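What shape does this take:
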Amino acid sequence: MGEWRRQHNEDLNDLYISPNIVRVIKSRRMRWAGHVERMGEERGVYRVLVGKPEGKRPLGRPRRRWVYNIRMDLQEVGCGNMDWIGLAQNRDKWRTLVEYGNEPSGSVKCGEFLD
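Model prediction:
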């Protein structure tokens with residue numbers, strides 16, 4: 001007869017081979033940021049990307065800007081010291097970086113695929 005045993009989240013992820021939802025969210029956020037960056041400064045969406053939240057701040061930590069989130073995502077991928085705004089202008093390189101962000105960390109070095 002079958003045996004019951006507890007399985008950890010990592011084991012279940014390996015078993016079902018589903019994408020890590022956090023990585024998917026971060027890569028889509030990076031993809032959106034590259035799209036908006038290529039739009040130009042005159043668009044309203046660009047102001048959301050680089051703008052600073054206005055109004056009285058509620059208690060707790062300060063509101064985080066989109067640009068800070070993108071920098072944190074790039075840092076987690078290992079590309080934190082990169083000029084992402086200049087890189088986003090090149091659609092092919094940016095797409096490669098976003099796809100790399102969806103891979104497990106440490107599988108490739110950041111500079112290897114951007115040469």
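
which SSE is the most centrally placed residue in the chain in?
Nearest to the mean C-alpha position of the chain, by C-alpha atoms, centre = their mean, lies K26 at 3.1 Å. K26 belongs to helix 21-39 when elements are defined using DSSP states H and E.

Then E99?
Using DSSP H and E, E99 falls in helix 91-101.

Can I get the helix holding K26 as CSV, trimmed to CA atoms?
The C-alpha trace of helix 21-39 is given here as CSV (Å, rounded to 0.1, in the frame of the first residue of the first chain):
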residue,chain,number,x,y,z
ILE,A,21,5.5,32.9,-9.9
VAL,A,22,7.8,35.5,-8.2
ARG,A,23,10.3,35.2,-11.1
VAL,A,24,7.5,35.5,-13.6
ILE,A,25,6.2,38.7,-12.0
LYS,A,26,9.7,40.2,-11.9
SER,A,27,10.4,39.4,-15.5
ARG,A,28,7.1,40.9,-16.6
ARG,A,29,7.8,44.0,-14.6
MET,A,30,11.2,44.3,-16.2
ARG,A,31,9.6,43.8,-19.6
TRP,A,32,7.0,46.5,-19.0
ALA,A,33,9.8,48.9,-17.7
GLY,A,34,11.7,48.4,-21.0
HIS,A,35,8.6,49.0,-23.0
VAL,A,36,7.8,52.3,-21.1
GLU,A,37,11.5,53.4,-21.3
ARG,A,38,11.4,53.2,-25.1
MET,A,39,8.2,55.2,-25.2
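
who does that helix touch, helix- and strand-wise?
Under the contact criterion of 3 or more C-beta pairs under 8 Å, 6 or more residues apart in numbering; DSSP states H and E, helix 21-39 touches helix 44-50, helix 66-77, helix 84-88, helix 91-101. Heads up, the C-betas are built off the backbone N, CA and C, glycines and all.
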